[in-house]
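A.B. asks: Let me see the structure of the following:
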Amino acid sequence: MPSRRDLPPPPPAAHLREWLDESVVRADRARFLADLSRRSLGLGRLALLWVVAAAFAAGWTFVAVAVMTFRSGEGLDRLFGAVFAVMGLTVLVRAGYGFVRGARQERRVHRLLCAWVVAGRDPDTDAGLRAPGRSLVWLVASLALGTLGLWTAFAPAAGAHPGPDTVGRLTYLMGLGLILWITALLGLAKAATHYSWSLRARTPRRGAATPAPSRRVKSSLAGI
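C.D. replies: Residues are numbered from 1 along each chain as shown. Below you'll find the model as predicted:
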């Protein structure tokens, strides 16, 4: 996962931008917005979300195996159950840490996106912020994952029969389906939020002042 140091720099203050060459400002803005947009809605971000979901699913599986081992075994089986329980809790904690870290990174990327958007207006650059192809991939993949999650959670319950392991098996499957469903909701929310933000970014704010002509210095923002 990219660190904060790998992110593009924030835009300079408005009074400093007035002294920079306008073509350089547009070029840096276009490059940084393209980079931030890929970080925010790229396929790598989608894969990372699914990897975290897979880690949660693996941790939940270990915990379920531990519970079933404790219920059905004695002696050595209980030792194996304890091992599975420790493994499951460890994986869940690491997955939770990865999720929180990813959410913080996503918030930093979004703040930089908003800051660079208001640093100027370029119709050619702003038109590409919507990223319809990547948004469609997020939308379709999340819908498919959500359908799988709902089926995993509720289909086995509809055809379940009374038995000694029925409750445990259904609890495990419903938990697994819930993980998939929540992951799908996060993906759908991501696609919808980016689309809504891109529409606002392409619409100039009312009352936005146009910078007055001033002395221009040919210096790239990347070095600021």
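
A.B. asks: Just give me how far the one helix or strand Ala127 maps to sits from the chain centre.
C.D. replies: Assessed by DSSP states H and E, Ala127 sits inside helix 123-127. Centroid displacement of helix 123-127 relative to its chain, using Cα atoms, centre = their mean, to the nearest Å, is 24 Å.

A.B. asks: Check stretch 91-102 too.
C.D. replies: Stretch 91-102 sits 13 Å away from the centroid of its parent chain (Cα atoms, centre = their mean).

A.B. asks: Same check on stretch 93-107?
C.D. replies: Relative to the centre of its chain, stretch 93-107 is centred 9 Å away, using Cα atoms, centre = their mean.

A.B. asks: quick revisit: please pull up the helix or strand immediately following the helix holding Ala127.
C.D. replies: With DSSP H and E, the next secondary element past helix 123-127 is helix 132-158.

A.B. asks: what does the average pLDDT come to for the biggest helix by length in the chain?
C.D. replies: In the chain, with assignment by DSSP state H, the single longest helix is helix 76-117. Averaging pLDDT along helix 76-117 gives 90.

A.B. asks: If you count neighbours, what's buried in stretch 106-113?
C.D. replies: Residues 106, 109-110, 112-113 are the ones in stretch 106-113 that count as buried (16 or more other Cβ atoms under 10 Å). All C-beta spots, glycine's among them, are computed from the backbone N, C-alpha and C.
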